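Student: Sequence isn't available, so here's the structure alone:
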């Protein structure tokens, strides 16, 4: 597909939409996106999409240079729609985002076309219902989240190696670094190195945050 054809595809979409290249920079931004986000195309073209969206999922800040969505797309892995709280003209709003992968003739890494649909009211109702279930029953907060919310976390697209999944599952069970090293017959240094890779992929600042994000997205 020629680059101008990708641009026409983005512009022809009635919903807010934009296209991101392999360097994570926005190349096309349609009129609906200008209206919804309150930013003119000239002000976003060439800028990193994460710096414009500053997206959060239910576990906190999501957008980062390690974006799992763009990583999966670069490997031509189909991406399911996901929910993200994004910067808009009206402030932070929950949106559902669909991803289209478009191969550009002169590029090895494909473009990702993001189609955005506002779902702020629905998402806030989910949160209120979850809080009610937690307060009025004995259901744990994380379990209530999995019952009420569909798994629409962008973190589910995070690509982990088999070893990283093994370590993450053990950490989720409360195992220490030494415990994991003994269970997998590897050194503690190796465990820590894998753990750092896991944190980076999830844009997490702690093991607990990575575990929570992985559980919420259904990866473990």
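Tutor: Sure thing, it's come through. Owing to the predicted nature of the structure, the values given are computational and were not obtained by experimental measurement.
Student: Show me what the host helix or strand of residue 9 is packed against.
Tutor: Taking DSSP states H and E as the definition, residue 9 sits inside helix 3-11. For helix 3-11, the packing partners by 3 or more C-beta pairs under 8 Å, 6 or more residues apart in numbering; DSSP states H and E come out as strand 17-20, strand 26-29, strand 91-102, strand 111-118. Where you see a C-beta, it was placed from the backbone N, CA and C, and this is true even at glycine.
Student: how does it look with 10 Å?
Tutor: With contacts taken as 3 or more C-beta pairs under 10 Å, 6 or more residues apart in numbering; DSSP states H and E, helix 3-11 sits against strand 17-20, strand 26-29, helix 31-37, strand 91-102, strand 111-118.
Student: Name the next helix or strand downstream of the helix or strand of the chain with the lowest mean pLDDT, please.
Tutor: None of the helices or strands of the chain scores lower by mean pLDDT, DSSP states H and E than helix 141-148, at a mean of 57. For helix 141-148, the succeeding helix or strand toward the C-terminus, using DSSP H and E, is helix 162-172.
Student: Mind checking what helix or strand follows that following helix in sequence?
Tutor: Taking DSSP H and E, what comes next after helix 162-172 is helix 177-184.
Student: Where does the prediction get shaky in this protein?
Tutor: For the chain, the stretches with pLDDT under 70 are 121-151.
Student: center of the chain - which residue?
Tutor: Compute the mean C-alpha point of the chain, and by C-alpha atoms, centre = their mean the closest residue is residue 154, 3.0 Å away.
Student: Tell me the bridge partners for the closest residue to that one other than its chain neighbours.
Tutor: Sequence neighbours aside, residue 82 is the residue nearest to residue 154 in space, at 4.1 Å (criterion: C-beta to C-beta, 6 or more residues apart in numbering). Residue 82 forms beta bridges with residue 97, as assigned by DSSP bridges.
Student: Next one: residue 82 from residue 199, what distance?
Tutor: 20 Å (C-beta to C-beta, to the nearest Å).
Student: neighbour count winner among the two?
Tutor: A count of neighbours by other C-beta atoms under 10 Å puts residue 82 above the other of residue 82 and residue 199, at 23 against 16.
Student: need the contact list for the more buried one.
Tutor: By C-beta atoms under 10 Å, 6 or more residues apart in numbering, the contact list for residue 82 reads 55, 57, 62, 68-69, 95-99, 151-157, 217.
Student: Swap in 8 Å and give it another go.
Tutor: By C-beta atoms under 8 Å, 6 or more residues apart in numbering, residue 82 lies in contact with 57, 69, 96, 97, 152, 153, 154, 156, 157.
Student: Equivalent analysis for residue 152, please.
Tutor: Residue 152 makes contact with 80, 81, 82, 83, 96, according to C-beta under 8 Å, 6+ apart.
Student: In CSV: the helices and strands packed on helix 3-11, plus distance to residue 6.
Tutor: Output for those, formatted as CSV (distance: least, C-beta to C-beta, whole Å):
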stretch, distance to residue 6
strand 17-20, 6
strand 26-29, 6
helix 31-37, 14
strand 91-102, 5
strand 111-118, 5
